Structure formats: structure tokens, C-alpha cells
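A.B. asks: A predicted structure for the sequence below; I have some questions about it.
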Amino acid sequence: MRLIVMTFITLLVAAITGFGSTWLALREQPPTGAVQLGQWRAWPSTGGPAIDPYARAIIQRSGALQLGTGEGVELVADLDSEGRPLSGDCVYDMTGPTPEARIWTLTATATGGKASGEPPSSLTSEGLLRGPGGALAIAIAATPEPGAWLRVPAGEPFRLTLRLYDSPTGFTTRPHVADQLTPVIRRRSCS
Amino acid sequence: MKLRGSDIVISIIAGMLLGAIIHLVIVLRIPAVARADAFTRHVGLGANGEAQLIPHDAKRTAGIGDDPAVARGVCAWDLHDGPVRVVMPSSGLVQTLSIHDRNGRVIYSLSDRAAVRGAVTLTIMTAAQQEERRLTQPDDAEDDAIEVVSPTGRGLAVIRAVTASPAWRERAARAILGVTCTPED
């Protein structure tokens, strides 16, 4: 009797911790291998042959085709400059150093990798409206803003993805990725 | 016959160890058993030696490597009949090329900045095929192609063309359709 109960407890705990932790680890972003660049995060190993096992499992499960290291860099931000989750109820200003790249794109999507109901909105560095003195100034909001504006779904949390194509920030050419300067996302106001 | 506290603690610890093993096994086995992976999805593209576009799926345009401002194309390759040569002509757009093996690893990637005489050319081969080339080809053979050695016999060549505005879509599509991946003779 004692052995049966112990076996039962063991198997129950194994199932809960094993499947639960796997589900948590593969639910969204790889839990390991992330590099923090200001407010942005990147997974440098993803674009090469030495890809992190979690990242590979996530990619293989979703059918994604990741960006190769020689193609560019993908940076993701979920939080504003004060660490609050990005929300479609608020207006944000993205300013700061322009990323080094031949061309870059900024995309707003729903969190969790899902697309929101509307087609995803994105901006590219080409033909982008600039602030005074050519500075980077993008308004991120659900309703139109003057200047460069990135539309986000109203009332929903969202994620920003900054993709730098053919960038000297490439993790192969610049090992000191942490030195890279990245734009800052500041909350202006909320409704 | 009563269950002691120590029995429960031992059971929980054993359960957690077993749980850790389950975790590792699942994470490491997924790439081998995944049925919706990119290779399985796109293996039919580019069978005639020319890259084909991946249609933009509004529902999926959110994940890793899927940029709504980028047109993507795929050429599936198979090294069974010898090395495969991928040629990506420059188009004036920012274009990139990545070689993915069967198991979801990027084994080589570069941009059109690496183009020689107006095109990026690379030859995908297995380690054995590379060895054979070493023996049969003279060292001074003139070839602009970059040699990419693949651990798997099949995989995908993925081409990306960045469209700065929707008006460039057509141009990006043409740039991708101009990429060839043919068996080398």
C-alpha cells in the first residue's frame, strides 16, 4: 500500500512538473539564450547552427523560418521604459539612436506571437518621417498621430519587433552586442 | 503501513527528477517529431529549380522571422543527386538568403552585399560531396560560389526581399522568383 501511494505521488509530481514546465518553456519565447539590449531582447544563437534547443523546439513546432545571423537581427520589446507592459490603451514615443542597418522595420503584433484581428502594422526605415534634426521619433498609438505613426490595436497588450536587415549589429561581426544602442519606448499618456 | 512524511518527501523529489527528464526528452525530441515544421510546410516549393513565394498569411504574420514588410520565398533542395547551386541575382532591394537544414537550423546566411558580379552564388553539399570535389576539382578552378556543407541531405533555401513600401511588393516578388536552385553538373 505504501509503495503504491508513493509511486502514485511520484508519477503525479513527474507529470505535473514535466509537462507543465515544458509547456511553460515552449509557450512563447525561448527561456534561455536571450540578450538584453536596452529595452529590447534578442536571441543571438537562433540564427546559426548552434541554435538553443528551446528556440529550435519552438521554431520547429510553429513552422517559423528564423532570420539567419547573416541576414539580420530580430529585437523584441514587451515593456516600456519603466518596465510596464505595452498596452494599446496608451500612447508611446519611440526615440533615441537609429539602429544601424541597411534597412529596418518596426512591427506591432499582439503578444504571444498571435496576430491581432487587424493586419499587422509596420513601418520601415525607408521614407520614415523624421523629427527635428532627423531624429528618430515614432508615435505608437491606436489612433492617428502626426509624424511617423505605428498603429496598434486599441485596448490590447502588444509587442514591438524591430528587425535590422543587413546590420553591422550582426551578432557574428560584433561580439559586444551589449554595447549596441537601441531606441527607447516611453509612455506618453494613457486613456 | 502508515505513510510517513519522509515517504512523501522522497516521492516528491523522485517525481521532480522524473519530471526534469520528461522536460528534457520532450524539448529535445520535438524537432524530430514536429509535423508542422517549416521544412514539411514548404518542401513542395521550388521543386522545378526556381524559388516560389510563401504567401503572406495575415493570421500568422506575427511570429519569429515573419515580417509583414518582407516578401519571402523558398526553394527546397535535395542533395541526393549531387550538390545544389543557389543563385540569387541582385535586384537593388535589400535581399537576404539563408540555408536551413532539415532540422530547423540555419547553416548559412548572408545578404546581397556579398554578391559577386551581380549575384550571390552558393553551392550546398554534403561533407562527402565536398570531399569528392576536393579530389576531382583543380585547386585553381574559377568559381564564385560559396561552399555550404549541410549535415542533412535536404533542406530549404529561404530568400527575403525587404519591401520599403507596398508599391515594392511586385518588385520583391520578381526578385524572389528570379532565384534558382538547380543540381550542379
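C.D. replies: Right, received. Where do you want to start? Residues are numbered from 1 along each chain as shown, chains lettered A, B, ... in the order given.
A.B. asks: What separation do you get for A:A148 and A:V91?
C.D. replies: Relative to A:V91, A:A148 is positioned 13 Å away (Cβ to Cβ, to the nearest Å). For glycine as for every other residue, the C-beta is placed from the backbone atoms N, C-alpha and C.
A.B. asks: residues contacting B:T126?
C.D. replies: B:79, B:149-150, B:153 (Cβ atoms under 8 Å, 6 or more residues apart in numbering or on different chains).
A.B. asks: let's see 10 Å
C.D. replies: Residues in contact with B:T126 (Cβ atoms under 10 Å, 6 or more residues apart in numbering or on different chains) are B:79-80, B:82-83, B:132, B:149-153.
A.B. asks: out of the residues you listed, who's near chain A?
C.D. replies: By Cβ under 10 Å from any Cβ of the partner chain, the members of the contacts of B:T126 lying near chain A are B:150-151.
A.B. asks: among the contacts of B:T126, which two are most distant?
C.D. replies: B:E132 and B:T152 (17.9 Å; Cβ to Cβ).
A.B. asks: Point out the other helices and strands that the helix-or-strand element of chain B with minimal mean pLDDT packs with.
C.D. replies: When each helix and strand of chain B is scored by mean pLDDT, DSSP states H and E, helix B:127-136 comes last, with a mean of 90. When contacts are defined as 3 or more Cβ pairs under 10 Å, 6 or more residues apart in numbering or on different chains; DSSP states H and E, helix B:127-136 packs onto strand B:119-125, strand B:146-149.
A.B. asks: can you pull out the helices in chain A?
C.D. replies: A:2-26, A:53-62 (DSSP state H).
A.B. asks: Please see if the longest one touches chain B.
C.D. replies: Yes - with Cβ under 10 Å from any Cβ as the measure, helix A:2-26 is seen reaching chain B through A:2-3, A:5-26.
A.B. asks: so who does B:I26 touch?
C.D. replies: Contacts of B:I26 by Cβ under 10 Å, 6+ apart are A:18-19, A:21-23, A:25-26, A:57, B:33.
A.B. asks: at 7 Å instead, please
C.D. replies: Contacts for B:I26 (Cβ atoms under 7 Å, 6 or more residues apart in numbering or on different chains) come out as A:T22.
A.B. asks: tell me, what residue is most central in chain A?
C.D. replies: Chain A has A:V76 as the residue nearest its centroid, 2.0 Å off, counting by Cα atoms, centre = their mean.
A.B. asks: Report the beta-bridge partners for it.
C.D. replies: Going by DSSP bridges, A:V76 is paired in beta bridges with A:R41, A:T161.
A.B. asks: re earlier: got the contact list for the least confident helix or strand of chain B?
C.D. replies: B:79, B:82-83, B:147, B:149.
A.B. asks: Buried ones among the residues you listed?
C.D. replies: The neighbour count (16 or more other Cβ atoms under 10 Å in any protein chain shown) marks B:79, B:82-83, B:149 as buried among the contacts of helix B:127-136.
A.B. asks: Quick check: A:S122 vs B:A69, distance?
C.D. replies: For A:S122, the distance to B:A69 - Cβ to Cβ - is 5 Å.
A.B. asks: Reformat the contacts of helix B:127-136 as a markdown table; add pLDDT and distance to B:L122.
C.D. replies: Output for these, formatted as a markdown table (pLDDT from 0 to 100; distance: Cβ to Cβ, whole Å):
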| residue | pLDDT | distance to B:L122 |
| --- | --- | --- |
| B:L79 | 94 | 13 |
| B:G82 | 92 | 15 |
| B:P83 | 94 | 10 |
| B:E147 | 93 | 7 |
| B:V149 | 96 | 11 |
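A.B. asks: what comes up buried for the lengthiest helix in chain B?
C.D. replies: Counting by DSSP H, the longest helix found in chain B is helix B:5-33. For helix B:5-33, burial by neighbour count (16+ other Cβ under 10 Å) applies to B:11-12, B:14-16, B:18-19, B:22-23, B:26-27, B:30-31.
A.B. asks: any idea of the mean pLDDT in it?
C.D. replies: Per-residue pLDDT over helix B:5-33 has a mean of 93.
A.B. asks: Give the next helix or strand downstream of that helix.
C.D. replies: Later in the chain than helix B:5-33, the nearest helix or strand by DSSP states H and E is helix B:38-42.
A.B. asks: per-domain residue ranges of chain B.
C.D. replies: B:1-33, B:38-183 (automatic domain parsing).
A.B. asks: what about the first one, distance to the chain center?
C.D. replies: Put plainly, it is domain B:1-33. Domain B:1-33 sits 35 Å away from the centroid of its parent chain (Cα atoms, centre = their mean, to the nearest Å).
A.B. asks: can you give me phi and psi for A:G63?
C.D. replies: Per-residue torsions, A:G63: phi 80, psi 20 (degrees, to the nearest 10).
A.B. asks: can you pull the contacts of it?
C.D. replies: Applying Cβ under 7 Å, 6+ apart, we find A:G63 in contact with B:36-38, B:41.
A.B. asks: quick one: low-confidence parts of the chain?
C.D. replies: Unless you meant another one, I'm taking chain A. A:112-120, A:169-180 (pLDDT under 70).
A.B. asks: wait, I meant chain B there
C.D. replies: B:1, B:57-62, B:139-141.
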